[in-house]
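J.: got a predicted model here, sequence first, then my questions.
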Amino acid sequence: MRALFKSEYFLNYFYSISWQFFEKILTLISNMLIGILLARYLKPEGYGALNYAVGWMLIFLPIANFGLNRIIVRELVNDPEKEDVYLGTALALSLGNAVLAFGLVMFLIHLVLDEDPVSKLLIFIVSTNLILQSTNVFEPYYYAKVRLKFLSIAKIIALILSGSTKIALIIMEMPLEYFAITFSLETLVIITTLFSFYRSKEGKSVSNWKFDLKVALNYLKEGWPLILAGAFSTLNLRVDQLMIKKLLGKADTGYYSAAVKISEAYIFIGIILTETLFPAIINGKKLGQQIYHQRIQQLYDLLVWTALFFNVSIFIFAEYLIVLPFGEAYAPAVAPLRFLSFAGLFTFMALLSHKILIVEKLQHLVTVSYLVGSIFNIVFNFLLLPVLGISGAAISSIATYAIVLFYYNIVFKSCRFNLILMLNSFNIVRISKTLIRSIRKDKH
């Protein structure tokens, strides 16, 4: 594993990772503190209603951004000369799809599900974020250029403004719908700041962006599996909260949302590592299969054992992690948190596993896997929620994560090399030998 930290490609990205860690740590601290204040202020029922609205928006977000971010990163790394075409075409497609996604949400909540008036209003407000999010094609640009400092600064500025607004709303004792507006405010600040950086720091202009039909068709061809994969992925993450609200009520949704918030607190570490090193994985494939597999194995080792450390810690201290920050009112969240504590392991492995499929141009397999997972998740929740309550939703989530991760790696022969590398990360003997060899090299 030490070889990973000594390798040239890791050092090249260390500066960017440092900025990402700084931003994500600030985000984690801010979101946890403000989230706790918000949960205490809104009470379980109000907190559950807000998270229910956010869940609807997140499910349709992959349709809005068309699943293009990873494809844009790959194309900009491989062919940077066509930057204006790639970004301009992505913007046009994403914006069109965002309008479609917003319309679908409104159709569902008004004509199909017949939500209560408060839920309708909250979902409408939060879902306006779909259109704003679709214009953020700057993010994959900065990932491809490995200039994540600017991306981090933009998010920090948005975090400060959004967080300050939420605190002010709590102090003024404003109603629930005002807090829903802050989601769009944060996105608007990020996009505005990145747009400013793109012009001032990069010396470029969006007026040079161009739409290319051939590129658009290619995006459509490669993007639709990622749209479905993203939608099914978010459905797997959020369907439990949606079903809890329908089957058990808003208060139980609030309890479960608190458990999810704690269980996902460290996921940013895996996201930073995989997102930042994605260009290096692409370049590793160009350098040969051995280097490509070696880099994948090293990252799996790092991700798996980092996740296990947090999994065990959260399981042991679950009661303190819920009751101390959220209060005794959220005590029912302790049991599901103990189950959800191990969900991060599957999430960490999936972050890298899915990106490998992007490199291999096998992203359609992710869609199939998420479809299977979504079906199982809905069935599991229908069966377990009435019997086990919100703990049943936690068990359903873990089972679904495992199905999604291992399904395509087992069923499809072209993915089995990834399965072997993934499982190798649990081989303590291999890891011990690798560490011993690294220590001996250091001594010499």
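T.: Looks like it came in fine. Residues are numbered from 1 along each chain as shown.
J.: show me where the stretch 201-350 of the chain has strands.
T.: Assigned by DSSP state E, counting those that start in this stretch, the stretch 201-350 of the chain shows no strands.
J.: quick one, helices of it?
T.: Under the criterion DSSP state H, counting those that start in this stretch, helices of the stretch 201-350 of the chain are mapped to 213-247, 250-263, 267-287, 289-316, 318-326, 334-340, 343-359.
J.: could you say which of those is packed most deeply?
T.: Highest mean neighbour count among these (mean count of other CB atoms under 10 Å): helix 250-263, with a mean of 26. C-beta here means a position set from N, CA and C on the backbone, and glycine is covered the same way.
J.: centre of the chain to it, how far?
T.: Helix 250-263 has its average C-alpha position 18 Å from the chain's average C-alpha position, going by CA atoms, centre = their mean, to the nearest Å.
J.: so which elements touch it?
T.: The contact analysis (3 or more CB pairs under 8 Å, 6 or more residues apart in numbering; DSSP states H and E) places helix 250-263 against helix 8-65, helix 213-247, helix 318-326, helix 334-340, helix 390-411.
J.: try it again with 6 Å
T.: The elements that helix 250-263 packs onto, with contact taken as 3 or more CB pairs under 6 Å, 6 or more residues apart in numbering; DSSP states H and E, are helix 8-65, helix 213-247, helix 334-340, helix 390-411.
J.: ok, and what's touching it?
T.: 35, 44-45, 47-49, 51-52, 241, 244-245, 321, 326, 330, 332-333, 336-337, 340-341, 343, 390 (CB atoms under 6 Å, 6 or more residues apart in numbering).
J.: coming back round to it: closest to residue 152 out of the helices and strands packed on helix 250-263?
T.: helix 8-65 (3.7 Å; CB to CB).
J.: between helix 8-65 and the helix or strand just after that closest one, find me the angle.
T.: Sequence-wise, the next helix or strand downstream of helix 8-65 (DSSP states H and E) is helix 69-78. Relative orientation of helix 69-78 and helix 8-65, computed by axes from the mean of the first three to the mean of the last three CA atoms, to 10 degrees: 130 degrees.
J.: contacts for helix 69-78?
T.: Residues external to helix 69-78 that are found in contact with it (CB under 6 Å, 6+ apart): 86, 90, 140, 143, 144, 222, 279, 282, 358.
J.: right, and out of the residues you listed, which lies closest to residue 79?
T.: The closest of these, once distances to residue 79 are taken by CB to CB, is residue 86, at 8.0 Å.
J.: could you find the closest non-adjacent residue to residue 279?
T.: Spatial nearest neighbour of residue 279, chain neighbours left out: residue 77 (5.1 Å); criterion: CB to CB, 6 or more residues apart in numbering.
J.: measure the one you found to residue 257 for me?
T.: Here residue 77 is placed at a distance of 37 Å from residue 257 (CB to CB, to the nearest Å).
J.: now mean pLDDT too, for the helices and strands packed on helix 250-263, in a markdown table please.
T.: Output for the helices and strands packed on helix 250-263, formatted as a markdown table (pLDDT from 0 to 100):
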| stretch | mean pLDDT |
| --- | --- |
| helix 8-65 | 81 |
| helix 213-247 | 80 |
| helix 334-340 | 94 |
| helix 390-411 | 89 |
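J.: between these, which gets nearest to residue 193?
T.: Using CB to CB, these put helix 8-65 closest to residue 193, at 12.6 Å.
J.: any idea how far residue 235 is from residue 243?
T.: To residue 235, residue 243 is 11 Å away according to CB to CB.
J.: contacts for stretch 178-188, please.
T.: 122, 125, 126, 128, 129, 132, 133, 158, 162, 165, 166, 169.
J.: go through it and flag the buried ones.
T.: By neighbour count on 16 or more other CB atoms under 10 Å, the buried set for stretch 178-188 is 179, 180, 182, 183, 184, 185, 186, 187, 188.
J.: what mean pLDDT does it get?
T.: The pLDDT scores in stretch 178-188 average 91.
J.: out of the helices and strands packed on helix 250-263, nearest to residue 424?
T.: Nearest to residue 424, of all the helices and strands packed on helix 250-263, is helix 390-411, at 12.7 Å by CB to CB.
J.: next SSE after that closest one?
T.: Remark: after helix 390-411, the chain's next helix or strand is helix 416-424, criterion DSSP H and E.
J.: the helix or strand residue 373 falls within: which residues count as buried?
T.: For residue 373, the enclosing helix or strand under DSSP H and E is helix 364-388. Buried residues in helix 364-388, counted by 16+ other CB under 10 Å: 364-374, 376-378, 380-381, 384-385, 388.
J.: for it, the averaged confidence score.
T.: The pLDDT scores in helix 364-388 average 86.
J.: quick one: it to chain centroid distance?
T.: Distance of helix 364-388 from the chain centroid (CA atoms, centre = their mean) equals 19 Å.
J.: show me what that helix is packed against.
T.: Other helices and strands packing on helix 364-388, by 3+ CB pairs under 6 Å, 6+ apart, are helix 213-247, helix 343-359, helix 390-411.
J.: rewinding a little: give me the subset of the contacts of stretch 178-188 that lies in helices.
T.: Mapping these onto helices (DSSP state H) picks out 122, 125, 126, 129, 132, 133, 158, 162, 165, 166, 169.
J.: flag the least confident of those residues.
T.: Confidence-wise, residue 133 trails the rest of the ones in helices among the contacts of stretch 178-188, at 85.
J.: check contacts around that one.
T.: 64, 187.
J.: CA atoms only: put stretch 379-395 into CSV for me.
T.: Extracted in CSV, the C-alpha atoms of stretch 379-395 (Å, rounded to 0.1, in the frame of the first residue of the first chain):
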residue,chain,number,x,y,z
VAL,A,379,-39.6,-5.8,-2.4
PHE,A,380,-37.5,-6.0,0.8
ASN,A,381,-38.9,-2.7,2.1
PHE,A,382,-42.5,-3.9,1.5
LEU,A,383,-41.8,-7.1,3.4
LEU,A,384,-39.6,-5.8,6.2
LEU,A,385,-41.0,-2.3,7.0
PRO,A,386,-44.3,-3.5,8.5
VAL,A,387,-42.5,-6.1,10.6
LEU,A,388,-39.3,-4.5,11.7
GLY,A,389,-40.0,-0.8,11.2
ILE,A,390,-37.2,1.5,10.2
SER,A,391,-34.6,-1.2,11.0
GLY,A,392,-36.2,-3.2,8.2
ALA,A,393,-35.3,-0.4,5.8
ALA,A,394,-31.7,-0.4,7.0
ILE,A,395,-31.5,-4.2,6.4
